[in-house]
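Visitor: A structural model of the following input is requested.
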Amino acid sequence: MHTRRASRSGWSRDQRRAAIAVLLSAALIEIRALASRPDRSKHPDGHLAEIRLIADVCHNLSGADQPKPAGEYDGLVYTWQTANDFQRSWLRKHFARAAIDTAFLEQAPQLPRPATAPDTRPTWKCWQVPRDAKTFIGVDSSTLTNLTRQARAVDRHDPTYGPVRTAFIEWFLDHLHPDGQHILRPSRSDETLFQPDGPGDLRQYRALVTMSDGTLIVGHPRLRATDVAALPTKLHLLRRLQLAAVAPRRQELDVGLWARHHRATHPDCRDWTVLNVSNDG
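Guide: As a prediction, this is how the structure comes out:
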């Protein structure tokens, strides 16, 4: 088999798609095998740690098939540069089996921090004509928790709602800042829709959420539109206009990236995958 080589400037879109397909396919097979046969784990901390590491290293592969200029955020380069020793070994193993040359990843310039807190105020250099200012509302942590659980009760039959996802959502809610004010608005038609609307009046929202350590992140919860519409705005008109004038940008810090960092810096924090397994007996 001939190795698929890439120039130092990067992989083509076809090469990227092939690499992503190799990794996602391997991850699916291995996670399933580890779940059914924990004794197969090669990680010193056991099969759950290995599952989490494989899932984490694949986190940014979705949508990473588009080539990026050198030095700009690139999902594949970021995956390679942030992988720990175990994850890097896992990547090398599957690239080698598929005869994929890793020179591009090894020689890529070091990326800057790939994600930052979402903007909450426009600047002179980056703003837009205010859009849908009336749709922004402020909610406290208790209200956001109730909205999320009410929506999940409606959505409980969705096949994507496995026990691990349910446990992760509860973990996320437990890590909201106790005194934080969070901002919600309906997702716009030109924004990524992670799940279709429904059933009923479930809709995706864009949420600016303050976490327990004070970090501001962006989330995309599905909530019941009637529940959200029934809430008071709790935001002054000027504040809503400021939020509506913020121009969209990429590389925002999201729930998954914050959770990954938090788990890395707080190893004693509750592991939602372990909680799920124990709850299932």
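Visitor: Name all residues that make contact with Ala225.
Guide: Counting by CB atoms under 8 Å, 6 or more residues apart in numbering, Ala225 touches 186, 201-203. Placement of C-beta: from N, CA and C, glycine included.
Visitor: Could you turn the buried ones of these into a ChimeraX selection?
Guide: Remark: buried members of the contacts of Ala225, expressed as a ChimeraX selection using 16 or more other CB atoms under 10 Å:
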select :186,202,203
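Visitor: nearest residue to Pro232 other than its sequence neighbours?
Guide: Counting by CB to CB, 6 or more residues apart in numbering, Pro232 lies nearest to Ile137, which is 7.5 Å off, once chain neighbours are set aside.
Visitor: And for Asp140?
Guide: Gln181 (6.1 Å).
Visitor: Just give me the neighbour total for the one you found.
Guide: 16 (other CB atoms under 10 Å).
Visitor: Quick one: the strands in the stretch 101-250 of the chain, in order.
Guide: Remark: strands assigned in the stretch 101-250 of the chain by DSSP state E, counting those that start in this stretch are 137-140, 181-186, 202-210, 216-219, 222-224.
Visitor: Parallel or antiparallel, list what pairs with the second one.
Guide: For strand 181-186, sheet partners with direction are given as strand 137-140 (antiparallel), strand 202-210 (antiparallel), following DSSP bridges.
Visitor: got these as CSV, with distance to Pro267 columns?
Guide: CSV is the format used below for the strands paired with strand 181-186 (distance: least, CB to CB, whole Å):
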stretch, distance to Pro267
strand 137-140, 30
strand 202-210, 23
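Visitor: okay, these, which one's buried deepest?
Guide: strand 202-210 (a mean of 21; mean count of other CB atoms under 10 Å).
Visitor: Can you pull out the low-pLDDT segments for the protein?
Guide: By pLDDT under 70, the weakly predicted segments of the chain are 1-9, 70-71, 112-114, 156-162, 273-281.
Visitor: That one: helices as residue ranges?
Guide: 13-36, 47-57, 75-82, 85-97, 103-107, 141-154, 163-174, 225-229, 237-244, 255-265, 272-279 (DSSP state H).
Visitor: could you redo those helices as JSON lines and give each row distance to Lys68?
Guide: Below are those laid out as JSON lines (distance: least, CB to CB, whole Å):
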{"stretch": "helix 13-36", "distance to Lys68": "10"}
{"stretch": "helix 47-57", "distance to Lys68": "19"}
{"stretch": "helix 75-82", "distance to Lys68": "8"}
{"stretch": "helix 85-97", "distance to Lys68": "18"}
{"stretch": "helix 103-107", "distance to Lys68": "12"}
{"stretch": "helix 141-154", "distance to Lys68": "34"}
{"stretch": "helix 163-174", "distance to Lys68": "29"}
{"stretch": "helix 225-229", "distance to Lys68": "36"}
{"stretch": "helix 237-244", "distance to Lys68": "29"}
{"stretch": "helix 255-265", "distance to Lys68": "18"}
{"stretch": "helix 272-279", "distance to Lys68": "31"}
